[in-house]
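Enquirer: Test case, fold it:
(2 chains)
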Amino acid sequence: MTRDQLRLKIPAGVRDLLPGEALRKRSLENDFEKIFRVWGYQEVITPTFEYYDVLSVGRGAEEDAQLYKFIDRQGQILTLRPDMTTPIARLISSRMRDDRFPCRIFYMANGFSCEDPQAGRQREFYQSGIELVGDGSPFADAEVIAVAVEILKTSGLRNFKVSIGHVDILYGMIEKMGLPEAQKGRIKAEVSNKNYVGLQELLDEFNVPVEGKEKFMQVITTRGDRGIIEEALRLAGNDKTGAALKALSDVYDALEAYGITANVEIDLGVLRGLDYYTGVVFEGYSAYLGFPILGGGRYDNLMEQFGFKCPATGFALGMERLLLSLEKEGGEIGAVPEPDYLILYEPSKAAQAFKKARELRDKGKIVITQLSREDRDTEILGRAGNIVIF
Amino acid sequence: MKDYLVMAVPKGTLYKPTISLLKQAGLNCAEMESDTRKLFFTDNRQNVRYIVCRPTDIPTFVEYGAADLGFVGKDTIVEQKKDIFELLDLKYGFCRFVVAMPESKARETDWEQLNHVRVATKFPRVAEEFFLSRGKQMEIIKLHGNIELAPLVGLSDLIVDIVSTGRTLRENRLIEVARIFNSTTRLIANRVSHRMLSERINPVIKKIKEIVENGGAEND
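Expert: Below you'll find the predicted structure:
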């Protein structure tokens, strides 16, 4: 394409939001801001791009390849932020470490990923989320999940579910198989790929005893309410898996105290990748969307990499995904409001027109003032609504 | 809740064994067996919807959640790397990924000795990963069909393709020089449906699993 042909186009994976769409996004964000604030969370805004050395922390090779990278005049590699968790970890470790802890942060920001645009993931996307840093207790996990449930409810989404799990349930079971590191790594990779067939083949190949194999394949597909943890706890030993189940059970207790378990399901299988998260993890789903709307969990090892060892948990919600789910549920799409008044004025009467407009706007009316022009007035006068002429 | 469970069924060679498996699992596929050009069937009694599409499109339908479950060859899954659950090996539709080269050339050259290989394939990702793992530099030429033609006319040194009986290779005087992996049909699920619709999906999975364990779908 020539330069001229590109003038009216935008690159793949990014989009414009027209007034109606922008209005819906903004009004959801306004509602979310109120919720975050009444739970005591404070907003931070971080730069859109930072050093690669910051934003690549805690990312595997595949995720690293998804970062937009460019080079500044000093030869440093810069990166567009892929999410807000890492910048916030950097911010707290460097600028807020003397603050009162636990520290509650929220954000609404765009993120970037240079992978091919795919289901629910464009190259630029908007996220709303929170981080609760400095509290390793199950109540912190539960608080973050409770906020997630509350914003989904507030958004007007009728049909949603939040699944919660714990990365150490499967991790512990893999450890216990007594396999060499390389084999454990391959099993974890298949778990992350959600490839049960490959997993079964590996367990066969590595001669994992039948009992352990069956238990693993069963646990990975176990979902339900409180009962399944109790059952699993009875079967589990005093090991990593047992401890994870106990932790999950404690979080569920706290969710019961919040009275929100109707929207929550326990899932002992795979929810998020195993490498980054260290504890309770969760995802939010709508029945009408093929990919999660939100995701999060405990990441107690990230802050340490910025020199400030500290437990943390949080979640991020994808705004585009939420908007799409709401649309698919057939919820009401708010129209862009029409102006309440149109004031047409001659240049000589500008002061009077502006004064009138001020009075109406002070009452919360939407007022458009427009210089009177013969060729345009007929069209404007043809519209419905209150028209004032000066 | 969504009213229908949606299953994506592949056109082509996997169509018949898939329908046969669904029938054995107690699903009503009568309409799909008739000679029709429809690509979309709804069974209102069981509340199941079937979409019929190209095998290579099935992972996409499932990833987006346009279909909750899908039947697709492992070869397609590996090439596309979509974010889906791979639940069951259905054992039918067996084929294998191979590296092949002209018989005459194979007699003179060991492909592993080539410094740089030119490879024609429908599966660039599979081919690239294989040659990288062997420490080979390569040039991948993506074609859409009749891959076996490429080395015969000098377009490439090697091909990477799926073969089931090996007849096409023989007929074109090509010989298998390396095996990459075996492929069979898999049952895949959307990651959200797998959770949100588990009450509907799990009995179907269980039934299919039993059938496969008892000898599979092809013994219809």
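
Enquirer: Which segments of chain A make up each domain?
Expert: A:12-328, A:341-389 (automatic domain parsing).

Enquirer: Quick one, grab the pLDDT at residue 43.
Expert: In the absence of a named chain, chain A is used. Per-residue pLDDT puts A:Glu43 at 97.

Enquirer: sorry, should have said chain B
Expert: Value for B:Asp43, per-residue pLDDT: 88.

Enquirer: same deal with B:Val212?
Expert: 91.

Enquirer: again, but for the one 4 residues further on
Expert: If you check B:Gly216, the pLDDT there is 69.

Enquirer: hang on, the earlier thing: could you look over the domains of chain A and pick the most buried one?
Expert: Most buried of the domains of chain A, by mean neighbour count (mean count of other CB atoms under 10 Å in any protein chain shown): domain A:12-328, with a mean of 18. Where you see a C-beta, it was placed from the backbone N, CA and C, and this is true even at glycine.

Enquirer: do that domain and chain B meet?
Expert: Yes. Domain A:12-328 is in contact with chain B by CB under 8 Å from any CB of the partner chain, via A:118-119, A:159, A:161, A:163, A:193-198, A:200, A:223, A:265, A:267, A:285-292.

Enquirer: so who does A:Lys246 touch?
Expert: A:Leu233 (CB atoms under 8 Å, 6 or more residues apart in numbering or on different chains).

Enquirer: interface residues of chain B facing chain A?
Expert: B:1-2, B:62-66, B:74, B:82-89, B:186, B:190-193, B:195-198.

Enquirer: Distance of B:Phe97 relative to B:Glu103?
Expert: Taking CB to CB, to the nearest Å as the measure, B:Phe97 falls 20 Å from B:Glu103.

Enquirer: Between the two, which is the more surrounded one?
Expert: B:Phe97 (23 against 13; other CB atoms under 10 Å in any protein chain shown).

Enquirer: Can you list the buried residues in the helix or strand of chain B with the lowest mean pLDDT?
Expert: Every helix and strand in chain B was compared by mean pLDDT, DSSP states H and E; the lowest is helix B:30-33, with a mean of 82. Residues of helix B:30-33 classed as buried by neighbour count (16 or more other CB atoms under 10 Å in any protein chain shown): B:Met32.

Enquirer: That one: how far from the chain's middle?
Expert: 22 Å (CA atoms, centre = their mean, to the nearest Å).

Enquirer: same thing with stretch B:150-163?
Expert: 20 Å.

Enquirer: Show me what it is in contact with.
Expert: With CB under 8 Å, 6+ apart as the criterion, stretch B:150-163 contacts B:73, B:75, B:95-102, B:105, B:111, B:114, B:117-123, B:126-127, B:130, B:141, B:143, B:147-149, B:169, B:172-174, B:176-177, B:180, B:183.

Enquirer: Next, the buried residues of that stretch.
Expert: B:Ala150, B:Pro151, B:Ser156, B:Asp157, B:Leu158, B:Ile159, B:Val160, B:Asp161, B:Ile162, B:Val163.

Enquirer: What degree of burial does B:Ile141 show, as a neighbour count?
Expert: When neighbours are counted by other CB under 10 Å, B:Ile141 registers 16.

Enquirer: Setting aside sequence neighbours, what's the nearest residue to it?
Expert: Nearest residue to B:Ile141, sequence neighbours excluded (CB to CB, 6 or more residues apart in numbering or on different chains): B:Ala120, at 4.6 Å.

Enquirer: wait, isn't the one you found in contact with B:Leu143?
Expert: Yes. Using CB atoms under 8 Å, B:Ala120 makes contact with B:Leu143 at a distance of 5.3 Å.

Enquirer: These two - which one has more neighbours?
Expert: Between B:Ala120 and B:Leu143, counting by other CB under 10 Å, B:Ala120 is the more crowded of the two (24 against 16).

Enquirer: Tell me, what's the model's pLDDT at the more buried one?
Expert: 96.

Enquirer: how about the host helix or strand of it: buried residues?
Expert: Take DSSP states H and E as the rule and B:Ala120 turns out to sit in strand B:116-121. For strand B:116-121, a neighbour-count test (16+ other CB under 10 Å) marks B:Val117, B:Arg118, B:Val119, B:Ala120, B:Thr121 as buried.

Enquirer: And the contacts of the lengthiest helix in chain B?
Expert: Counting residues, the longest helix found in chain B (DSSP state H) is helix B:198-213. With CB under 8 Å, 6+ apart as the test, helix B:198-213 has contacts from A:223, B:5, B:21, B:24-27, B:68-69, B:87-91, B:187, B:189, B:193-194, B:217.

Enquirer: Give me the subset of these that lies in strands.
Expert: A:Arg223, B:Leu5, B:Leu69, B:Leu87, B:Leu88, B:Asp89, B:Leu187, B:Ala189 (DSSP state E).

Enquirer: quick one, what contacts the nearest residue to B:Ala67 once chain neighbours are set aside?
Expert: Spatial nearest neighbour of B:Ala67, excluding adjacent residues (CB to CB, 6+ apart): B:Ala8 at 3.7 Å. By CB under 8 Å, 6+ apart, the residues touching B:Ala8 are B:50-53, B:58, B:61-62, B:66-67, B:69-72.

Enquirer: if you set the cut-off to 7 Å instead, what comes out?
Expert: B:Ile51, B:Cys53, B:Ile58, B:Phe61, B:Val62, B:Ala67, B:Gly70 (CB atoms under 7 Å, 6 or more residues apart in numbering or on different chains).
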